[in-house]
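Chemist: how would this look folded up:
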Amino acid sequence: MNRVTPVIEVGLTVFCVLIFAQLVSGREDRCGEARLLYRQGTKLLDYESRKKVFLQAVALCPSYAEAHVNLADSFENLEDYEAAEQHYREALRLRPNLLAPHIGLAEVYLKTGRFGLAEESFRKGLRLRPDNRLLREGLRIVLQRLTREGSVYRADQIRACFSRDDGFRLMCMCPVSRYRFLRRWFCIPPVFFAGGSSWLTRKAERRLDEIGSALASEPLNGRTWLVIGHADARGPAPYNLRLSKKRAERVKAYLVEKFGIPPRSLRLTFFGHKRPRATNTTTDGRSQNRRVEIVEAK
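Modeler: Numbers count the residues shown, from 1 in each chain. Sure thing, here's the model as predicted:
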């Protein structure tokens, strides 16, 4: 009995080693195939085609961080920002020191008006590459926006920002050609709310008076706008969703009743706490997340 047992143990060990070697070999084969697909995908110009190829690559090799980055970039250019954010984050989970997903996440946050999170991503990228010009420029623009949010946006400034590149450049303080997409988020400041409330503060009403005056005048009075409600992460998700809807409804009603803006020109949408613009772990971050944004519909 004592002579047979070691033989069995050795046999089991050899069997396990062989099985493990086969698994590793199979995984390497799949990742090798994923790398071939990756090279093919980088040569494609159409983002829908690129997305399909990189989806195959990450399915074959889920640990392939660069494939997640390029898949995220494809989603970003197709304006599926939630999917882009998901794959940039997965790339960072796999390779925290990879620069590209930090830049990608920052630009996704810029394109969706989440400036607090954009600042965080730019700063993380700069810790890896302090000399990166794109990261430095992006951080400067984000800080410019966050600084201006406490100031008064006059109606004539809002009109100029939408109607002229020089007006936008003045508001944004950034190269117009590269950051033109930011016009949607820079020209009209967000309206902030107290915690758990959908009532307009006096400061919010003063801000809406300037916004309403601008939207009711030429050349903006024929355009369609999204009124987007948000909440911080305190409280259950269904409650936050209802609260974000009430906030958007309150802003729309104010603009319709006081400035005669046609209701059909103001489209409501709301996300609860699903689209924070800053962290929900601090008082300042939560205050930035309790907001209604008004952006021009595409």
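Chemist: where does the stretch 1-150 of the chain have low pLDDT?
Modeler: Residue ranges of the stretch 1-150 of the chain with pLDDT under 70: 1-28.
Chemist: ranges for the helices of it?
Modeler: 4-42, 47-60, 65-77, 81-94, 99-111, 115-128, 133-148 (DSSP state H, counting those that start in this stretch).
Chemist: Let's have these in TSV, adding distance to residue 285 and mean neighbour count.
Modeler: Every residue, glycine included, has its C-beta placed from N, CA and C. Listed next are the helices of the stretch 1-150 of the chain as TSV, based on distance: least, Cβ to Cβ, whole Å; neighbours: other Cβ atoms under 10 Å:
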stretch	distance to residue 285	mean neighbour count
helix 4-42	36	12
helix 47-60	31	19
helix 65-77	24	24
helix 81-94	17	19
helix 99-111	13	23
helix 115-128	6	20
helix 133-148	12	17
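Chemist: The ones you listed into JSON lines, with extra columns for distance to residue 211?
Modeler: Putting the helices of the stretch 1-150 of the chain into JSON lines (distance: least, Cβ to Cβ, whole Å) gives the following:
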{"stretch": "helix 4-42", "distance to residue 211": "43"}
{"stretch": "helix 47-60", "distance to residue 211": "34"}
{"stretch": "helix 65-77", "distance to residue 211": "29"}
{"stretch": "helix 81-94", "distance to residue 211": "24"}
{"stretch": "helix 99-111", "distance to residue 211": "21"}
{"stretch": "helix 115-128", "distance to residue 211": "18"}
{"stretch": "helix 133-148", "distance to residue 211": "14"}
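Chemist: okay, now residue 151: neighbour count?
Modeler: Using other Cβ atoms under 10 Å, residue 151 has 9 neighbouring residues.
Chemist: And it, how close does it get to residue 165?
Modeler: Note on residue 151: its distance to residue 165, by Cβ to Cβ, to the nearest Å, is 21 Å.
Chemist: pretty sure residue 232 is in a strand, no?
Modeler: No: applying DSSP: H, G, I helix; E, B strand; the rest coil, one finds residue 232 to be coil, outside a strand.
Chemist: residues in contact with it?
Modeler: The contact partners of residue 232, taken as Cβ atoms under 8 Å, 6 or more residues apart in numbering, are 195, 240, 273, 276, 280, 285-287, 289-290.
Chemist: how about 10 Å then?
Modeler: Applying Cβ atoms under 10 Å, 6 or more residues apart in numbering to residue 232 gives the contacts 193, 195-196, 240, 243-244, 272-273, 276, 278, 280, 283, 285-291.
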